[in-house]
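[1] Compute the structure for the input listed below.
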Amino acid sequence: MQQIINYLLILIKWQSQVITYLCILAFGKAFKPKTEKVTDKKYMKLSVDPLPIFGEPPIQQVWDYADLLKEYFAKHGKELRPVRRRGGKVPPEDATCPYCGAPPDYVYDNNGGRGAFWCKVCDEKFAVRKPSKDDEPYCPFCYHKLELRKTRKDFDIYRCYNGDCPFRQKNLSAMTAEQKALFKRSPHLFKTRFIYRKFHFQFTPLSKQNEYVPLVELPRITASPHVLGLILTYHINYAISLRKTAALMFDVHGVKISHQTIANYCDAVAPRIKPFVDHFEYELSDSFCGDETYIKIGGVWNYVFFFFDAVKKIILSYRVQKLRGWKSAAMAINDVLVKAKGKSEAIPEGLNLITDGNPIYLLAQHWFAQHGINFDVTQVIGLTNDDPVSKEYRPLKQIIERLNRTFKGNYKPTTGFGTDLGAISKLTLFVAYFNFLRPHSGIDSKIPAVIPELEALPHMPAKWCELIRLGERFAMENAA
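    Okay, here's the model as predicted:
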């Protein structure tokens, strides 16, 4: 094999020389082949700005017209009289000056009844407009209305076009001389204006929506339920591959079973315990962290979004997604919010999620905020503690990374999954084992979520069988 590779490399090099020689014959000695150079192109990273103001923001009153009238009297020795109307141009009753509160008696109609006015007391001009819609976005820095810039598949992009916006001026002043020169040549490489994304996502927040896992008929086990418990113990608890589990069942217990039958058992058990795992009333802390990792399904890389209670050591979300986008992050966060809310009507105040620097979590946070659901997202960026936030929250980020390593240790023997059902089944069984069956060293070797019915059982195969029974009972009770 190595000889074939060496021969092909020599052949490719010879063909390249022949092509270069033919090009020189055709175009003359001026022809020079392009050398391959590594280019470092600067790409603008995705950033998420604060939420805009919805509905036109009111002008903040600066003065009190009564104080201004007193100052006028003290300065001129006479009172400032109301406006003397000529030509019948009378402002409407709601034309009160927003800057000093002067009534319409002191307000000029400045453009013949078309909505522009001028206050005689404070000498400010203003307009009385129709009330704006509650969902119209305005820049929170300069209060200018945002204009629609682009329409994409998942969201619309609005931008503030005010050249004097403090947000824009701050970004421009923060540029170095080199960046300013580049900005003049290629302004599209920099983000200087305030941007707001209005999302289009058909997903109900704080709902108990989960991946659909079709219920597979549980194959008839000719030996006993204890065999099923043994199979799950070897395959899930000890991360033994399907083929080695089948060999172990035959060599140790004398049960002849194929690896495909074991996979069928897992695909049938997972949907029976998934509702129980997802809707169990966990006792949670207030320290939640999240991250994503890779798995292979059908030869294609997919993503698993984990969210974890760092104190109670409970996995709260384990979403399998094909894309590493903000919608995937939003669905994973929704799992956390549903569990954190419990039986109450709202999520706990001051809820904070710790993630890495991926901006998809901030986009998901904005999507929830548009639905009136507010929580904080703290991002730990980089591998070193270069800022106070990273220094404070680095331990939580390391905890979720250890969870990823634990899962990868269980996932590695599979060498990937053939179908989405197989991936979700394995993840469901892993989470059930992690939350209900696995002693955790971080909590003094205790079980993260204690179930009394499981504690009284003598061994792990019996606990798996009881967990399946609890899952089926939970499904029947909630179906009724």
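[2] what residues does stretch 462-477 touch?
    225-226, 228-229, 232-233, 269, 272-277, 279, 432, 436-437, 451, 453-454, 457 (Cβ atoms under 8 Å, 6 or more residues apart in numbering). No exception for glycine: its C-beta is placed from N, CA and C like everyone else's.
[3] Give me the pLDDT for A268.
    Note on A268: pLDDT of 89.
[4] helices and strands around the one helix or strand it maps to, which ones?
    Per DSSP states H and E, A268 falls inside helix 259-279. Here helix 259-279 touches helix 225-232, helix 242-253, helix 420-436, helix 460-479, going by 3 or more Cβ pairs under 8 Å, 6 or more residues apart in numbering; DSSP states H and E.
[5] now with 10 Å?
    On a contact count with 3 or more Cβ pairs under 10 Å, 6 or more residues apart in numbering; DSSP states H and E, helix 259-279 meets helix 225-232, helix 242-253, strand 314-321, helix 326-341, helix 420-436, helix 460-479.
[6] got the angle for that helix vs helix 225-232?
    Per axes from the mean of the first three to the mean of the last three Cα atoms, to 10 degrees, the angle that helix 259-279 makes with helix 225-232 is 90 degrees.
[7] So what's the gap between helix 259-279 and the chain middle?
    Mean C-alpha position of helix 259-279 versus that of the full chain (Cα atoms, centre = their mean, to the nearest Å) differs by 28 Å.
[8] So E292, which state does it fall into?
    Using DSSP: H, G, I helix; E, B strand; the rest coil, the structure places E292 in strand.
[9] Who is it paired with across the strands?
    F305 (DSSP bridges).
[10] Please work out how many residues are found near it.
    For E292, the count of nearby residues is 21 (other Cβ atoms under 10 Å).
[11] got the phi/psi numbers for the closest residue to Y294 other than its chain neighbours?
    The shortest distance from Y294 to any non-neighbouring residue, by Cβ to Cβ, 6 or more residues apart in numbering, is to W301 (5.4 Å). Main-chain torsions, W301, degrees, to the nearest 10: phi -70, psi 130.
[12] what stretches of the stretch 301-450 of the chain score poorly on pLDDT?
    Within the stretch 301-450 of the chain, the ranges that satisfy pLDDT under 70 run 383, 386.
[13] The residue nearest to Y294 reaches K322, doesn't it?
    Yes. Shown here, W301 and K322 form a contact pair, counting by Cβ atoms under 10 Å, at 9.1 Å.
[14] Helix, strand or coil: sort out I347 for me.
    coil.
[15] Could you measure from the residue nearest to the spatial centre of the chain over to F190?
    The centre of the chain sits closest to Y361, judged by Cα atoms, centre = their mean, with a distance of 2.7 Å. From Y361 across to F190, the span is 24 Å (Cβ to Cβ, to the nearest Å).
[16] E79: helix or strand, and which one exactly?
    Using DSSP H and E, E79 maps to neither a helix nor a strand.
[17] what helix or strand does the spatially closest residue to it that is not a sequence neighbour sit in?
    Once flanking residues are discounted, E79 sits nearest to F73: 5.6 Å by Cβ to Cβ, 6+ apart. With secondary structure defined by DSSP H and E, F73 is part of helix 65-76.
[18] For that helix, which helices and strands make contact with it?
    Against helix 65-76 (3+ Cβ pairs under 10 Å, 6+ apart) you get no helix or strand.
[19] what is the mean pLDDT for that helix?
    Helix 65-76 carries an average pLDDT of 90.
[20] what do you get for stretch 161-179?
    91.
[21] Can you give me the neighbour number for F276?
    Neighbours of F276 (other Cβ under 10 Å): 20.
[22] for D67, same thing?
    There are 11 residues near D67, going by other Cβ under 10 Å.
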